[in-house]
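Student: Can you look at this prediction? I've put the sequence above it.
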Amino acid sequence: MLIRKDLCVGCGRCQPYCPVGAIHFEELKSAVDQEVCYECGTCLRSEVCPVEAIEESPFVYDYPRALRKFFSDPNATHKLTGIAGRGTEESKSNDVINRVLPGEVGMAIEFGRPTLGMDLTNIQKVTRAMAKAGFTQIEPENPFNDMIQNYETGDLKPELMGEKVLSAIMEFKITPDRLGLALRTIKEAAKEVDSVFVVDVYTRVGPGLTIPREVLDPIEAEGYTWRPNAKINMGLGRANKRKDP
């Protein structure tokens with residue numbers, strides 16, 4: 001994001017709206033620190049500037065900086081998925097799309113959070129650890145794939161190492177017998193990460209909306225505190241997507 005100095009009146013109203021504190025005073029006018037800015041667009045969407053001095057940078061869609069926009073601006077449409085957001089629609093409509101079937105476990109690692117974010121160097125610490133443990137299969141349509149250079153090693157593209165995102169979601173699925181190893185690997189990798197992330201585990205519920213013990217037991221055994229949640233969006237999945245004749 002940019003703030004035009006020829007228009008800015010130095011009121012400072014925009015500064016509290018930046019989730020990462022990238023806007024500051026510079027010669028009595030507001031300016032954006034381009035190294036800190038995540039290109040989330042919050043300052044522009046707030047419409048708080050009385051003189052409309054805030055605008056998108058001309059280089060916001062230039063690679064590799066465009067990564068910040070796609071993974072930080074909730075209104076940005078990712079070029080890979082064609083939807084707005086950091087993940088995929090199917091993870092929220094599994095009841096229709098059947099990505100995770102009975103006997104399978106879906107997982108997601110949500111790197112960073114709004115107001116904090118995470119740089120790609122820290123994300124790579126987790127992807128390398130997961131790859132070393134044998135978790136190399138990522139959901140094909142997950143925008144996270146844009147970051148990866150080598151799935152077997154978990155290395156991200158080297159040109160992205162100077163970039164950062166407010167949030168990115170790594171999605172994959174495994175069999176229940178590997179859930180304990182996955183959770184253990186994530187916990188160890190977290191010790192090296194200078195930020196925060198959330199671990200999601202999702203599965204089909206049984207009769208009476210019960211969660212299978214083969215899923216709960218590894219979670220509890222690894223010392224995780226689990227909080228049940230449900231996203232049931234009936235009819236929103238795309239069961240016939242990309243089934244070419």
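Tutor: Looks like it arrived, so ask away. Numbering: from 1, shown residues only.
Student: what's downstream of the helix or strand of the chain with the lowest mean pLDDT, the next helix or strand?
Tutor: Scoring the helices and strands of the chain by mean pLDDT, DSSP states H and E places helix 94-97 at the bottom, with a mean of 63. Using DSSP states H and E, the helix or strand that follows helix 94-97 towards the C-terminus is strand 105-111.
Student: how far out from the middle of the chain is the helix or strand following that following strand?
Tutor: Of the helices and strands lying after strand 105-111 in sequence (DSSP H and E), the nearest is strand 118-119. Relative to its chain's centre, strand 118-119 lies at 10 Å (C-alpha atoms, centre = their mean, to the nearest Å).
Student: got the angle for the helix or strand following strand 118-119 vs strand 105-111?
Tutor: Next in sequence after strand 118-119, counting helices and strands by DSSP H and E, comes helix 120-132. Counting by axes from the mean of the first three to the mean of the last three C-alpha atoms, to 10 degrees, helix 120-132 points 160 degrees away from the direction of strand 105-111.
Student: got the contact list for the next helix or strand along the chain from helix 120-132?
Tutor: Next helix or strand after helix 120-132 toward the C-terminus (DSSP H and E): strand 148-150. Applying C-beta atoms under 8 Å, 6 or more residues apart in numbering, the external contacts of strand 148-150 come out as 127, 138, 154-158. Where you see a C-beta, it was placed from the backbone N, CA and C, and this is true even at glycine.
Student: Go again with 7 Å.
Tutor: 155-157 (C-beta atoms under 7 Å, 6 or more residues apart in numbering).
Student: Filter those down to the buried ones.
Tutor: 156-157 (16 or more other C-beta atoms under 10 Å).
Student: if you look at the contacts of strand 148-150, which of them are in strands?
Tutor: 155-156 (DSSP state E).
Student: surely residue 39 meets residue 67?
Tutor: No: using C-beta atoms under 7 Å as the test, residue 39 is too far from residue 67 to be in contact (8.9 Å).
Student: Who has more neighbours out of those two?
Tutor: Between residue 39 and residue 67, residue 39 has the larger neighbour count (other C-beta atoms under 10 Å), namely 28 against 22.
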